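Sequence and predicted model, in that order:
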Amino acid sequence: NTADTRQSLETELNGATPQRQISILQQLVTENFKSDPPYALQHADTLISLFESTGATGQDYLEALQQMATLQVGQGLLDEAKANAEKLAAGAQLLAERNRHIQSLKTQGVIARIQSDYDGALDYFQRAAALARQHDLPDAAVQVEYEIAIIYYFMGKHADAIELLKSIQPKVEQANNQLLAGKVLNILGIVYANQSRFEESLDVMLTALEIQKSLKNKGAQQALLNNIGVTYNRLGKIRQALDIYIESLDLAVELKDVQSEALALINIAAIQQDLGDYEPAQANLSRGMAIARQLNDKNLIAQGLNSSAEYYLVKADFAKAIQLSIQALTLADSSGDKTTAVKPRQNLAKAYLAQGDIANALLYIEQAITIAAELENKSNLSKLYKQLADIYQQDGRYAEALSAHKRYSELNNEVFNNESDKKMAALRARNESLQKDRKIEAMANEQKVQAIQYQNELTLRDQVSAQAEFQRYIFAALITLLLCVLFMIYRRRLQTRLNKQLSQLVKDRTRELAAKHIELERAYTVMETQSLTDQLTKLHNRRFLMQKLPEDLANTPADANEQDFVFLLLDLDNFKQVNDTYGHTAGDLILIQFSDLMKQVFRSSDYTIRWGGEEFLVVMRHMNRANAPAYAERLRRTVEQHNFDIADGSSINMTCSIGFACFPDTQGESPILSWNQVIDVADICLYAAKKSQRNAWIGVEKLAAHTGFQDLISDMSLSVAANQVKIVSSIAADEIVWD
Ligand SMILES: Nc1nc2c(ncn2[C@@H]2O[C@H](COP(=O)(O)OP(=O)(O)OP(=O)(O)O)[C@@H](O)[C@H]2O)c(=O)[nH]1
């Protein structure tokens with residue numbers, strides 16, 4: 001029929017007067033506007049040429065311009081649409097046609113938005129809103145505010161978008177504008193989803209879908225289906241998402257909406273890739289990308305490039321993945337849409353990590369984290385922190401890995417516990433009870449119908465057969481009731497099982513996280529221990545003493561018994577000769593054996609430290625200083641009597657010299673020397689032991705009050721002569737050489 005009408009109108013067109021031609025073209029454009037946009041576009045073009053050739057500027061001309069611009073936007077002919085919208089604005093101003101002027105500004109805003117010029121779009125829409133308010137056109141104002149909210153969303157200003165949408169909602173309801181109500185709910189759903197408020201998002205979008213279905217508005221249904229798909233995807237329900245995207249693709253094809261078709265194809269490809277269906281994914285992706293490139297839609301191209309990059313990541317072609325991700329990143333950054341700017345960075349970090357390029361992996365993951373934090377997308381952020389932890393771990397930076405991992409698990413818990421489970425359960429329960437109510441209502445209706453039929457039949461039949469019929473009816477009703485009860489029991493069981501599975505999932509996740517933490521903490525402890533140990537002798541090193549001793553001294557009460565600290569410095573005699581004669585390896589072996597002898601002689605609670613080279617320090621804690629000479633002598637004798645193995649199978653004898661001093665340096669009076677200075681005094685004693693005879697020990701048991709550290713250091717023999725120092729030694733006092 002439509003074809004026939006078209007045919008006869010087209011035939012009539014040729015011979016008609018200009019006036020008649022205009023009315024035929026108007027009819028062709030209006031009738032085909034929705035059902036066949038390319039056809040309508042072609043005739044709108046002719047119509048406008050006709051108007052312009054006759055110099056017309058009236059209402060009909062403006063209407064044609066508006067139709068034309070709208071059709072061109074729908075077909076992706078943005079430059080042409082913009083030119084017509086500008087003509088419309090000029091014409092509308094000339095005729096003081098406010099509504100049309102607002103309409104033209106709106107169209108220009110939409111074009112700027114599609115071209116990703118969000119500042120420009122915001123400017124057009126704000127001008128349109130101001131115009132609407134100025135001329136008291138509330139309906140038009142609300143329409144434009146809705147467009148502004150969309151721009152806020154694109155700019156990543158989510159809080160502003162939500163606030164504006166919520167202020168629009170009551171106005172839309174008051175005006176009973178179902179169409180706009182559906183759109184407002186849709187975009188609200190998208191913004192919620194971007195804030196990881198997925199349940200609220202799903203809730204409003206499903207309501208919006210109902211509205212659009214009741215309005216039979218397929219275009220809006222198509223857009224909603226796409227967004228619902230995205231939300232299912234974010235919730236990890238990828239099969240539901242796939243079904244919804246396929247429904248959305250069918251509708252886009254039916255509507256000849258190429259942009260939506262491309263979007264659905266790219267979305268389908270991404271899910272198929274997740275499911276491991278690489279071949280169909282590649283086919284859909286290249287179909288979608290071809291359309292996106294034709295439309296020059298930067299966001300879509302960037303999304304498609306991301307999917308391709310992910311494909312190459314899976315295939316371990318990291319160079320290709322990097323190349324595609326950098327293209328996607330450049331496009332996303334130039335379009336200013338932050339929501340598409342995270343993914344390429346995430347993929348780059350993965351690819352660089354796989355290539356062992358930690359610096360670049362860190363660079364991109366940190367950028368991704370900054371952007372995701374700005375967008376307040378917690379679920380995304382939590383994944384990014386996990387990736388960051390993996391990078392640090394691979395780099396051996398366990399402390400940083402641990403803290404990134406902690407951040408990941410905090411965020412993960414926030415998203416998980418964001419009452420998500422409760423809300424999901426509530427939502428599910430609400431849907432189920434709605435369905436149940438509907439079923440019960442349907443059964444009740446059925447029964448009513450049956451009852452009426454039964455009444456009718458009753459009048460026709462005799463009493464006896466009616467009685468039998470009645471019994472049968474009661475029986476059927478009972479069976480129906482029984483089936484209802486069984487169905488309800490079954491649903492409840494199913495629900496319980498689902499809840500169990502969910503809580504098991506949470507437990508498993510928590511266990512996994514705990515195990516990971518223990519692993520990282522263990523690695524961290526090993527690293528700490530290594531940094532405090534000497535690699536050759538496995539004794540403690542200087543760093544250990546600096547870390548431990550101040551704390552020990554602080555925890556020792558000044559007035560307690562047996563609370564002396566004795567610092568012994570030990571040095572092997574003529575060790576250089578051993579190295580020179582038997583080689584460095586033999587020297588190393590002797591150092592190790594010497595360390596073992598130290599461990600035999602001293603208590604396990606004493607600190608045995610490799611002080612440097614062939615010099616060692618022992619710190620004996622919590623002891624009576626009167627016992628120090630016995631320990632020094634025992635070590636001297638043990639070393640003297642020991643046969644040190646050297647690498648060639650033979651053994652040699654060695655001796656050592658020892659100097660020691662006690663802390664606190666005075667007893668009962670306030671101490672003069674710090675523990676560091678006490679070690680310096682022990683060093684003077686060691687030096688004197690070497691100088692006097694070697695294979696000997698000299699110690700300072702205590703100092704007289706008011707002895708100066710400088711005096712001791714500059715000339716010990718004077719302090720000894722003045723009886724300011726109490727010396728104990730294996731050498732006779734008059735044989736000690738101090739200088
Ligand atoms: N094999 C080996 N030798 C070391 C190590 N650390 C230091 N040395 C050597 O130890 C020797 C110390 O020599 P000197 O300081 O002259 O002292 P000495 O020969 O022991 O003589 P006195 O201490 O005066 O009895 C040097 O030859 C160092 O090279 C090590 O880890 N392994």
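Received, thanks. Numbering: from 1, shown residues only.

can you count the residues close to the residue nearest to residue 235 when sequence neighbours are not counted?
In space, and not counting its chain neighbours, residue 235 is closest to residue 198: 5.2 Å by Cβ to Cβ, 6 or more residues apart in numbering. Yep, even glycine has a C-beta here, placed from its N, CA and C like the rest. Residue crowding around residue 198 was assessed by other Cβ atoms under 10 Å; the count is 24.

again, but for residue 573
Residues near residue 573, counting by other Cβ under 10 Å, number 19.

Which residues are in contact with it?
Contacts here follow Cβ atoms under 8 Å, 6 or more residues apart in numbering; on that basis residue 573 touches 654, 655, 656, 657, 690, 694, 695.

repeat for residue 104
Listed by Cβ under 8 Å, 6+ apart, the contact set of residue 104 reads 66, 69, 85, 86, 88, 89, 92.

For whatever residue of the stretch 601-739 of the chain ends up closest to the ligand, what are phi and psi?
With Cβ to the nearest ligand atom as the measure, the residue in the stretch 601-739 of the chain that lies nearest the ligand is residue 613; the distance is 3.4 Å. The phi/psi pair for residue 613 (degrees, to the nearest 10) reads phi 50, psi -120.

Next: residue 725.
Comment: the main-chain dihedrals of residue 725 come out as phi -120, psi 130, following degrees, to the nearest 10.

Number of residues surrounding it?
Residue 725: 22 surrounding residues under other Cβ under 10 Å.

was I right about it contacting residue 704?
Yes. Checked against Cβ atoms under 8 Å, the pair residue 725 and residue 704 is within contact range at 7.5 Å.

which stretches of this protein have low pLDDT?
Scanning the chain for pLDDT under 70 picks out the ranges 1, 416-467, 558-561, 668.

all strands for it, in order.
Listed from the start of the chain, the chain has strands (DSSP state E) covering 564-572, 607-612, 615-623, 643-645, 651-653, 656-663, 697-703, 725-729.

Buried deepest among these, which one?
Neighbour counts averaged per stretch over the strands of the chain are highest for strand 656-663, at a mean of 28; criterion: mean count of other Cβ atoms under 10 Å.

got the angle for that one vs strand 564-572?
On the basis of axes from the mean of the first three to the mean of the last three Cα atoms, to 10 degrees, strand 656-663 is oriented at 160 degrees to strand 564-572.

Checking strand 656-663 against the ligand, do any of its residues make contact.
No. In this structure, strand 656-663 remains apart from the ligand according to Cβ under 6 Å from any ligand atom; the gap is never smaller than 6.9 Å.

residues near residue 520, how many?
Using other Cβ under 10 Å, residue 520 has 20 other residues around it.

Tell me if I'm right that it and residue 405 touch.
Yes. Counting by Cβ under 8 Å, residue 405 is a contact partner of residue 520 at 6.6 Å.

Leaving out chain neighbours, which residue sits closest to the residue in the chain that the ligand sits nearest to?
Nearest residue of the chain to the ligand (Cβ to the nearest ligand atom) works out as residue 587 at 2.4 Å. Nearest non-adjacent residue to residue 587, counting by Cβ to Cβ, 6+ apart: residue 579, 4.3 Å away.

Likewise for residue 160?
Once flanking residues are discounted, residue 160 sits nearest to residue 152: 4.6 Å by Cβ to Cβ, 6+ apart.

can you pull the contacts of that neighbour?
So residue 152 contacts 158, 160, 161, 164 (Cβ under 8 Å, 6+ apart).

From residue 480, how far off is residue 487?
Taking Cβ to Cβ, to the nearest Å as the measure, residue 487 falls 11 Å from residue 480.

any idea how far the nearest residue to residue 68 once chain neighbours are set aside lies from residue 76?
In space, not counting the residues next to it along the chain, residue 68 is nearest to residue 44; the distance is 4.4 Å by Cβ to Cβ, 6+ apart. Counting by Cβ to Cβ, the gap between residue 44 and residue 76 amounts to 16 Å.

of those two, who's got more company?
A count of neighbours by other Cβ under 10 Å puts residue 44 above the other of residue 44 and residue 76, at 28 against 16.

hang on, the more buried one packs against residue 71?
Yes. Checked against Cβ under 8 Å, the pair residue 44 and residue 71 is within contact range at 6.0 Å.

Grab the most central residue of this protein for me.
A centroid search over the chain (Cα atoms, centre = their mean) returns residue 381, at 2.2 Å, as the residue closest to the centre.

Quick check: it touching residue 370?
No. Contact criterion Cβ under 8 Å: residue 381 and residue 370 do not qualify, at 10.2 Å.

which strands and helices sit next to the helix ranked longest in the chain?
Residue-count comparison of every helix in the chain, with assignments taken from DSSP state H, identifies helix 463-531 as the longest. If you count contacts as 3 or more Cβ pairs under 8 Å, 6 or more residues apart in numbering; DSSP states H and E, helix 463-531 packs onto helix 398-417, helix 420-460.

could you give the angle of the shortest one to helix 463-531?
To tie it back to what came earlier, the one meant is helix 398-417. 170 degrees.

okay, helix 398-417 in PDB with CA atoms only?
What follows is the C-alpha trace of helix 398-417 in PDB, where atoms were taken according to Å, rounded to 0.1, in the frame of the first residue of the first chain:
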ATOM      1  CA  TYR A 398      56.500  -6.800  48.500                       C
ATOM      2  CA  ALA A 399      55.800  -3.900  50.900                       C
ATOM      3  CA  GLU A 400      54.100  -1.900  48.100                       C
ATOM      4  CA  ALA A 401      52.400  -5.000  46.700                       C
ATOM      5  CA  LEU A 402      51.000  -5.600  50.200                       C
ATOM      6  CA  SER A 403      49.600  -2.100  50.500                       C
ATOM      7  CA  ALA A 404      48.100  -2.100  47.000                       C
ATOM      8  CA  HIS A 405      46.600  -5.500  47.700                       C
ATOM      9  CA  LYS A 406      45.100  -4.200  50.900                       C
ATOM     10  CA  ARG A 407      43.500  -1.300  49.000                       C
ATOM     11  CA  TYR A 408      42.200  -3.700  46.500                       C
ATOM     12  CA  SER A 409      40.500  -5.900  49.100                       C
ATOM     13  CA  GLU A 410      39.100  -2.900  50.900                       C
ATOM     14  CA  LEU A 411      37.500  -1.600  47.700                       C
ATOM     15  CA  ASN A 412      36.400  -5.100  46.700                       C
ATOM     16  CA  ASN A 413      34.700  -5.500  50.000                       C
ATOM     17  CA  GLU A 414      33.100  -2.000  49.700                       C
ATOM     18  CA  VAL A 415      31.600  -2.900  46.300                       C
ATOM     19  CA  PHE A 416      30.700  -6.400  47.400                       C
ATOM     20  CA  ASN A 417      29.200  -5.300  50.700                       C
END
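
Can you list the buried residues in it?
398, 400-405, 407-409, 411-412, 415-416 (16 or more other Cβ atoms under 10 Å).

so which of those comes closest to residue 139?
Residue 139 lies nearest to residue 415 out of the buried residues of helix 398-417, by Cβ to Cβ, at 39.4 Å.

From residue 579, how far off is that closest one?
With distances defined as Cβ to Cβ, the gap from residue 415 to residue 579 amounts to 63 Å.

With residue 384 as the reference, measure out to the nearest residue to residue 414 once chain neighbours are set aside.
Computed as Cβ to Cβ, 6+ apart, the closest residue to residue 414 that is not its neighbour in sequence is residue 378, at 5.9 Å. Here the criterion is Cβ to Cβ. By it, residue 378 lies 10 Å from residue 384.

Check residue 347 too.
Following Cβ to Cβ, the distance that separates residue 347 from residue 384 is 12 Å.
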